[in-house]
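[1] Next comes the sequence, and after it the predicted model I'd like to discuss.
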Amino acid sequence: MKLRRVWLNLLGLLLIIALAVACGGAEETDPALSPAEEADAVDQAAEEPVVQEEEIQGETAGDAETITVWFHSGKGPERDALEATLDAFNASHPEIQVEAVQLPEGSYNDQVQAAALAGDLPCALDFDGPFLYNYAWSGYLIPIDDYLTEEVRNDFLPSIIEQGTYAGNLYSLGQFDSGLAIWGNREYLEEAGVRIPEGIDDPWTKEEFMSALESLQALDQVEYAIDFKMNYGQGEWYTYGFTPILWSHGGGLIDRTNYQNADGVLNSPESIEAMTFFQDLFEQGYANPEPAGDDDFYIDQITALSWVGHWMWEPHSENLGDNLVLIPMPDFGEGPKTGMGSWNWGITSNCANPEAAWTFIEFLVSPEEILRMTNANGAVPARQSAIEQSELYAADGPLNLFVQQLQAENVAIPRPVTPAYPVITNAFADVVQEIVIGADVEQELNDAVQTIDQDIEDNQGYPAPES
């Protein structure tokens, strides 16, 4: 396997970001990657020399067809698993060799946008789920419907297919999906007399949620009742992590009937109520807007609950053991809701041999390779056949709750299926950042609406590409 780690220096990074902004790009984050790791990646990017164009092009390996793929630099175990998959593919497919280029996650979307402008996209690449719609609308990707059999399609979680579909065509597939839940400290919950829900059909109501926070806050060992992972910092986590609060109150980010306006939705009474409720949790001291680090719940144990996803299983379970409980998302009025979606793979319109690229992606999303990856990163396997073999996510596994939420009707909600998503997520992240420190909720939501609707107008409503 040929694996290159490509880092951009500060000057090159600024140039790329400038190009990306000019075409509507936006920086993305993976909610499964901590901001500290993202910062390390960006710091490395600033220290390494600029990579010249010819250094990131595919090469010919004898008579083999060589395809270049790009992938983001995720966590160490995730990178190791992907490298093992690449080795296995190249060993078993001598006629097709993959040259993999690793790019820093913090600027990944910007680099894709800049490469697209220059006509230098690789044959295949991975990307964070909701950014698919902007890529497909911009013509960077080709549909993959014709490559996928009905049998294989039906083996994928519905959420994976939903995430990968834009304007009626399937553009991407992923190895894993994601989800949110509330992790709890059993000892604290029992001491405070708080009911521990048994499953997704038995969530806390809004009243129970608030009562639980009040009771837990009263414990001597608890400094604040719930950790919202604000240490992740402003970015995609704010949208992924907190739009479920909007949805469960009956609000939303944009009108999903036509994706033409946020006005009347993001600033609706329901959305204002939801974000006022969220702000109150910080103002009442139940949540910390600036936690010192990542480990208040599972190391210092100064908080009783943690609002976060599956990716925290390993540190939580290692430190809390049998004291760890997994609680379904609460029902704030319109049913429990969770974020979903994660990184996935597609074939670019630059690819000279999309059949070879599909052969690689087909191998990547086989049950065996999905399990290799999800055993490393703890994510939800993307296919039912892989879930059945997973120690964590099978029916009797400790994390099966995440699968139940993804399979249940109207619980796992995709982020808005629109090319405007990069602007939407940035605008909402600004709202969250401001209201947790006391800004006026309605004014912040109105400002976000203006930003989003202006972008949609500037892009003539983002008309779907012709099939």
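    Everything's here; your move. Owing to the predicted nature of the structure, the values given are computational and were not obtained by experimental measurement.
[2] measure the residue nearest the centre of the chain to residue 233 for me?
    Geometric centre of the chain, nearest residue: residue 342, 4.0 Å, by Cα atoms, centre = their mean. According to Cβ to Cβ, to the nearest Å, residue 342 stands 19 Å off from residue 233. The way it works is simple: take the backbone N, C-alpha and C, and place the C-beta from them, glycine included.
[3] Also residue 74?
    Noted for residue 74: a distance of 17 Å to residue 233, by Cβ to Cβ.
[4] Who has more neighbours out of those two?
    More crowded of residue 74 and residue 233, by other Cβ atoms under 10 Å: residue 74, with 23 against 16.
[5] Please state the backbone phi and psi of the more buried one?
    Taking degrees, to the nearest 10, you get phi -80, psi -160 for the backbone angles of residue 74.
[6] And residue 336, its phi and psi?
    The phi/psi pair for residue 336 (degrees, to the nearest 10) reads phi -70, psi 140.
[7] Any stretches of the protein with poor pLDDT?
    Applying pLDDT under 70 to the chain flags the ranges 1-62, 467.
[8] Around residue 94, count how many other residues there are.
    Number of residues near residue 94 (other Cβ under 10 Å) recorded here: 11.
[9] Correct me if wrong: the residue nearest to the centre of the chain contacts residue 127.
    No - Residue 342 is not in contact with residue 127 according to Cβ atoms under 8 Å; the separation is 10.3 Å.
[10] Against residue 359, how distant is the residue nearest to the centre of the chain?
    Taking Cβ to Cβ as the criterion, residue 342 is separated from residue 359 by 23 Å.
[11] for residue 105, same thing?
    26 Å.
[12] Also residue 322?
    Residue 322 sits 45 Å away from residue 359, going by Cβ to Cβ.
[13] what do you get for residue 437?
    Where residue 359 is concerned, residue 437 sits at a distance of 50 Å (Cβ to Cβ).
[14] One more: residue 84?
    Applying Cβ to Cβ, the value for residue 84 to residue 359 is 18 Å.
[15] Kindly report the same for residue 156.
    18 Å.
[16] And those two? Which one has more around it.
    Ranked by neighbour count (other Cβ under 10 Å), residue 156 and residue 359 place residue 156 first, with 25 against 19.
[17] In contact with the closest residue to residue 379 other than its chain neighbours: list those residues for me.
    Counting by Cβ to Cβ, 6 or more residues apart in numbering, residue 176 is the residue found nearest to residue 379 once chain neighbours are left out, at 3.5 Å. Contact analysis of residue 176 by Cβ atoms under 8 Å, 6 or more residues apart in numbering lists 342, 343, 370, 373, 374, 377, 379, 380, 381, 382.
[18] Output those residues in JSON lines, with secondary structure appended to each entry.
    Output for these, formatted as JSON lines (DSSP: H, G, I helix; E, B strand; the rest coil):
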{"residue": "342", "secondary structure": "coil"}
{"residue": "343", "secondary structure": "strand"}
{"residue": "370", "secondary structure": "helix"}
{"residue": "373", "secondary structure": "helix"}
{"residue": "374", "secondary structure": "helix"}
{"residue": "377", "secondary structure": "helix"}
{"residue": "379", "secondary structure": "coil"}
{"residue": "380", "secondary structure": "strand"}
{"residue": "381", "secondary structure": "strand"}
{"residue": "382", "secondary structure": "coil"}
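[19] what's the farthest-apart pair in those residues?
    343 and 381 (13.9 Å; Cβ to Cβ).
[20] Strands of the stretch 251-400 of the chain, start to end?
    Taking DSSP state E, counting those that start in this stretch as the criterion, the stretch 251-400 of the chain contains strands spanning 303-309, 324-327, 343-347, 380-381.
[21] Out of those strands, which is the most enclosed?
    strand 380-381 (a mean of 28; mean count of other Cβ atoms under 10 Å).
[22] Given it, what are its sheet partners and their directions?
    strand 176-177 (antiparallel) (DSSP bridges).
[23] how far is the partner strand from where the chain is centred?
    9 Å (Cα atoms, centre = their mean, to the nearest Å).
[24] Numbering from 18 from now on, please.
    Shifting the count to begin at 18 puts that one at strand 193-194.
[25] following it, which helix or strand shows up next?
    strand 197-202 (DSSP states H and E).
[26] partners of that following strand in the sheet?
    Here, using DSSP bridges, strand 197-202 pairs with strand 320-326 (antiparallel), strand 341-344 (antiparallel).
[27] what's the closest of those to residue 107?
    Closest among the strands paired with strand 197-202, using Cβ to Cβ: strand 320-326, at 32.0 Å.
[28] The strands paired with strand 197-202: which one's closest to residue 204?
    Closest approach to residue 204 among these is made by strand 320-326 (9.0 Å; Cβ to Cβ).
[29] C-alpha coordinates for that closest one, CSV please?
    Provided in CSV are the C-alpha atoms of strand 320-326 (Å, rounded to 0.1, in the frame of the first residue of the first chain):
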residue,chain,number,x,y,z
THR,A,320,-20.8,15.4,36.8
ALA,A,321,-23.5,12.7,36.8
LEU,A,322,-24.6,12.6,33.2
SER,A,323,-22.9,13.1,29.8
TRP,A,324,-24.8,14.1,26.7
VAL,A,325,-22.6,12.6,24.0
GLY,A,326,-22.3,9.7,21.5
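[30] For that strand, give me every contacting residue.
    By Cβ under 8 Å, 6+ apart, strand 320-326 touches 48-49, 195-202, 205-206, 209, 229-230, 233, 236, 239-246, 258, 305, 313-315, 329, 333, 344, 356, 419.
[31] All good on my end, thank you.
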